[in-house]
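In: this one's sequence-less:
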Ligand SMILES: Nc1ncnc2c1ncn2[C@@H]1O[C@H](COP(=O)(O)OP(=O)(O)OP(=O)(O)O)[C@@H](O)[C@H]1O
Ligand SMILES: Nc1ncnc2c1ncn2[C@@H]1O[C@H](COP(=O)(O)OP(=O)(O)OP(=O)(O)O)[C@@H](O)[C@H]1O
Ligand SMILES: [Mg+2]
Ligand SMILES: [Mg+2]
């Protein structure tokens, strides 16, 4: 901790910090989650905050942004101690926050959200035309194409995240706090965001930046403060650390290889899940491929490629047509329950909107999907508690007390809980949609090894991910989709970033590669 | 299936989608009613009848415009019917008292109108403040004030009826029965209230905040929206709308009693929900509410067209028509 | 501030927190009423009076237990009052018809009870299916069926009253007026329904699903919960609860008419909301609903015990007491 | 055109039944006659109905039992202005001279007759309770006339409460009266629906022999009890829903015969005793 002062003086620009947090502590009820942390930001720099899930990063940012009042310590802005009554007061002082959890109003349009609380007036009316124009321009600079009159409810998570970013930068911002902004973004969008951040810092904006993606921190940040279990480990110049150093300081020990050694799929493994000419109206067209037993099948694609909707269609969450076979037998799942009974489980990419009951307890959330195992006919709360303890252990859910609502978990720990909930149904085919979203490196590694264990036990996995390294590290084969269609299936030596990107952007295109079923398709209407 | 059609479909579909069906579907129910009505009786489509029905729908319609704000912001107001009775009673008593002081009828009416607007505003504010300051659910507070207002009017009327002085009545009567350009005044007022309401809801900061609060109160609060104040204001708007409805109601029947406005709250809320506003709040529009209110009036009117149905079964037919009409427009209500 | 106190406080606070205040606060309002009542009249606290009130609360209470399921799942049922009237009318007609066939009164009653349970189940299922299959808001569907059931009973009664055959009435009467261990049967039934309801809501899979659907339908669906089926079932439960209430109601007056059960829906919903269930769904408990129903009955009783208030103002005092009692327990209700 | 309140309680149910029955009979007897019945749940709905009867059915005559006198005065006047023959039933309008025929029930008489019977039977001494209807002019007229009689005696009215012309409310209010007052000598239930509830409450408390109940309106179950000499229900006071039938017949006569029918027909509210009860018993009517 004594290292903090010299570090901040040694900041790149040598300017005085615009904001200093001294000895910031935060407690929720009896549990203190942040212990006397010091932090400062200098205009024009990107100061990253790094730490495991539940280390207190979001909490620290929320203290700065006026969403929580620290239980001890003070915030000094421009040399003056300040007490923000609420986020509005902080925003008035130029501190703007992009939340880890989306903070848009679902029933308002994109434009209405961007300007909420800061409407422009003409003759007492909202000048919506001018606001729409500005929103369009803002989104254009973010290279995001969404209709500004659409309701946020109808946007995909990544689109909503871009709107959230647009909203933040539309404000008069001096200090921008970003909590895992790239969590739901893909590579291209992340690039766009980084360009924007560079513009802002050039204009003297200070940025506090939370992310689990160490390479991103390496790219964009100047300094990094590392937290562990609510304590500050230290503040460092990013240039002085490699990603491995960061990970080690964060986790407190060396991380061995991120990915388990790939075991080949047994020769002649039976296909367990076959998609044949599956169409999800509006999202996916004529998709065919097969998942073999004991295989990790990766699914790559850019935003809007339709991977999510494809599998939502397959398991009965949306209308879909075409043929699906499970273990060789034709199935038609009209409802996720049918798929569950067939041993197929799908992990949603939208944990807040579709994954967790944020106001309900951890136990209720954990057992919701496999409740028949805990209720025959009466819910066996003791058994549920035992399951919760086991899940917390197995998935390393970090939380001080087990009787809090799910919404009180840190983002990454929420994700672990959703995963634990899914696995309680003991599926033999798991479809994981962005499973490591918001998960720290240490835990990511655990999840990768967990997947390897599943495979070893004969479970098959579909891995939908926007992180290519993850796909390359885990998958046996990768299906690349673009615009709702399969553009190619890569395996072996073809499994590299260039090839996949070529397919994903539509530069390359293979004919459908499931000829075995071709005559069947012709036979059917 | 039907693969052959798949290719051209997207463009066609996209084209269809660009038409704002959403805002048209509420009309389907109304069209359905108009068709039924004209089949049942030739006199149904006469201007007199149509104007009669439109004029009637003005009371509930105006109240429902206010209710749209309340419901979109996530509240509910059960007290509107008895508030209307109370305001009508108070207005008549004030006007009668003034009449005894030898004032001009017109002055008296203007004073009465002013008084009732202020009283409506205060009554709405009382509801709103009890809900936001007292942190009690809107359902409970307005259930309570339902009883309170109804009792007060009964008390004022001494259990009977409060009647407007006949001298004033003559001057005031045209406000309901008169017309301008062939359209009765209440219809004009209804249209004006609806247009103002729509502008406020869709084109002002306040309207956006109302929708934001109903959709996600926490996010709204973070966006520096004064949630409590806005919610209170929705009830104030509701109160003023009730007052406007009363101003039109009093010249029609010239009296108020403990049974005035009974179950108007149900009709007003029904108009709002039929119009496509979600009972949970967040989204909705005035336009739908207007259609909903008119639809409800037409249902009553259509039932008077035929003698085929036992009058005991009126309510059943009414119920079936409501469900059927909303079913037709379910595209937008979904959930 | 007050740092010196900080040290011992946590333990004390933790201790206090471990008491389930949440579930006790609804009782505060009831206690408040009991105090008022005993101050107003010495006879208030007599067993007879308390049992009278409890017995009365059974109808609304049983219906409200069903309503708790519906509301927690995010629905609303406005039709319960008229459904009760319809079921009562149908039950009486069936029993009268059977009586003409020279059956034993007991057999007839059992047949009537069976019939009404099935009819309640079907009526609830009709509501539920129209809502989930037809994708129409619960408010609209049950507003429609409110009219339909009410009309049907008026029709069955030919505008008048359907009265139970005197022979049967004698045998059936004790179901309402009789008692076991000094406690009237309706109270036993109410208790049984509440306990079963609480077990189903809090201790079964179904109950868990009901709450999950109410708090976030999408999350429930993604967790492979059969959202439509569960929602329909909440309405079926509501229907069966109404049927049980009817089984107790019929022996009381032995008749049913178009005015039976008027506004029971409002009372039942009020009992649920007073009991701390959110109108938007997601959370709530039967225990609160029971207290809410009993409270409503006591409010009526307390008002009948005093001559201090003009009878015109009954409704106002009732409204004030509802708001006041809920204010006392606002800790748990929040917004 | 016939405009009446909807069948929301026993008495209006009776009105509905008589109206429907008379319609069938008159239409059969006079093929030239066409009768439209519309029922309303509130005063403003009834005003709507009048507009519809004029605009759509273009009626020549209106028989109306006004929901409330005051609010319907103007609407009926505007019907009259269109040259429609108007018969008002039961409650009069707030302004004189609108109607051609008035078939009036006599609300004050109902109260007065009830009061007279009770004071006579109690010998001018004792405690009574009153269960009123719903707060309206009708209720006020009945209660005022009743109290005029009672005030001249030593009878004490322990309390009055609204029971909303509803059986369940009658039952509950009476239960609470029985809790409060150990000594009650008579109950005036202002309507027979209320009286039914009162009787059940009395039977439950086992206090049927302490007091008697006077209802009103002449519901068939109550008349039967009177006929059978029930101690609890010694008498009833008539307020016949059949007055709508009378009015419809009179109005019809105006059109099918050349006899001009004008003026005021007051139906009295006679006391129904075991002796004359049989004359007022209509087992087919729902009321
Ligand atoms: N509202 C709350 N109530 C109780 N505990 C909370 C609340 N919010 C956060 N916590 C707890 O505080 C701790 C820190 O949470 P925080 O969200 O700051 O973690 P984080 O570092 O952002 O983690 P992640 O990387 O998973 O987002 C966690 O243990 C969390 O459970
Ligand atoms: N350019 C766009 N225009 C309109 N809608 C789009 C656009 N891009 C994406 N969408 C919407 O976003 C949805 C897909 O977004 P999402 O981020 O879920 O992509 P995905 O490929 O389905 O899954 P993943 O996020 O896992 O890549 C589609 O349903 C589509 O409606
Ligand atoms: Mg976080
Ligand atoms: Mg996706």
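Out: Cool, the structure landed. Being a predicted model, the structure only gives us computed values, none of them experimental. Numbers count the residues shown, from 1 in each chain, chains lettered A, B, ... in the order given. Ligands and ions are numbered 1, 2, ... in the order given.

In: Please, where are all the strands along the stretch 51-200 of chain D?
Out: With DSSP state E, counting those that start in this stretch applied, the stretch 51-200 of chain D shows strands at D:61-64, D:85-89, D:101-104, D:125-132, D:154-162, D:186-189, listed in chain order.

In: Near ligand 1, which residues of the stretch 301-450 of chain A? Just list them.
Out: Of all the residues in the stretch 301-450 of chain A, those in contact range of ligand 1 (Cβ under 6 Å from any ligand atom) are A:398, A:399, A:400, A:404, A:408, A:409, A:410, A:411, A:412, A:413, A:438, A:440. (Each C-beta comes from the backbone N, C-alpha and C, glycine too.)

In: per-residue pLDDT, residue A:87?
Out: The predicted structure scores residue A:87 at 85 on the pLDDT scale.

In: Same question for residue A:47.
Out: Here the pLDDT value assigned to residue A:47 is 94.

In: Now the residue in chain A that ligand 3 sits nearest to. Its backbone dihedrals?
Out: Of chain A, the residue with the smallest distance to ligand 3, taken as Cβ to the ion, is residue A:58 at 3.1 Å. Its backbone dihedrals place residue A:58 at phi -60, psi -40, with angles given as degrees, to the nearest 10.

In: In contact with it: list those residues for me.
Out: The neighbours of residue A:58, taking Cβ atoms under 8 Å, 6 or more residues apart in numbering or on different chains as the test, are A:100, A:179, A:210, A:410, A:411.

In: how about the first one, secondary structure?
Out: When states are read from DSSP: H, G, I helix; E, B strand; the rest coil, the local structure at residue A:100 comes out as coil.

In: Identify the bridge partners of the closest residue to it other than its chain neighbours.
Out: Here the nearest residue to residue A:100 in space, its sequence neighbours aside, is residue A:179; by Cβ to Cβ, 6 or more residues apart in numbering or on different chains that works out to 3.9 Å. Judged by DSSP bridges, the bridge partners of residue A:179 are residue A:210.

In: Residue A:179: neighbour count?
Out: For residue A:179, the neighbour count with other Cβ atoms under 10 Å in any protein chain shown is 23.

In: Kindly report the same for residue D:1.
Out: By the measure other Cβ under 10 Å, the count of residues near residue D:1 is 25.

In: For residue B:308, report the pLDDT, please.
Out: pLDDT, residue B:308: 68.

In: And the helices in the stretch 151-300 of chain B?
Out: B:166-172, B:174-177, B:185-203, B:205-215, B:217-222, B:227-253, B:264-274, B:286-303 (DSSP state H, counting those that start in this stretch).

In: Dump the ones you listed to JSON lines, plus mean neighbour count.
Out: Converted to JSON lines, the helices of the stretch 151-300 of chain B look like this (neighbours: other Cβ atoms under 10 Å in any protein chain shown):
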{"stretch": "helix B:166-172", "mean neighbour count": "17"}
{"stretch": "helix B:174-177", "mean neighbour count": "17"}
{"stretch": "helix B:185-203", "mean neighbour count": "18"}
{"stretch": "helix B:205-215", "mean neighbour count": "25"}
{"stretch": "helix B:217-222", "mean neighbour count": "19"}
{"stretch": "helix B:227-253", "mean neighbour count": "25"}
{"stretch": "helix B:264-274", "mean neighbour count": "27"}
{"stretch": "helix B:286-303", "mean neighbour count": "26"}
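
In: for the chain, what are the low-confidence residue spans?
Out: This is for chain A. Counting by pLDDT under 70, the ranges of chain A that qualify are A:1-14, A:102, A:511-525.

In: wrong one, I was asking about chain D
Out: Residues of chain D meeting the criterion pLDDT under 70: D:8.

In: so which residue of it comes closest to ligand 4?
Out: Counting by Cβ to the ion, chain D gets nearest ligand 4 through residue D:41, at 53.5 Å.

In: Just the residues of the stretch 301-450 of chain A next to ligand 1: which are in strands?
Out: Of the positions in these, not one sits in strands, assigned by DSSP state E.

In: in the chain, which residue is closest to the centre?
Out: This is for chain A. If you average the C-alpha coordinates of chain A and look for the closest C-alpha using Cα atoms, centre = their mean, you land on residue A:437, 3.1 Å from that point.

In: that's the wrong chain, I wanted chain B
Out: Nearest to the mean C-alpha position of chain B, by Cα atoms, centre = their mean, lies residue B:64 at 2.1 Å.

In: Does residue A:205 touch residue A:178 like I think?
Out: No - in this structure, residue A:205 sits apart from residue A:178 without contact. The criterion is Cβ atoms under 8 Å, and the distance is 11.2 Å.
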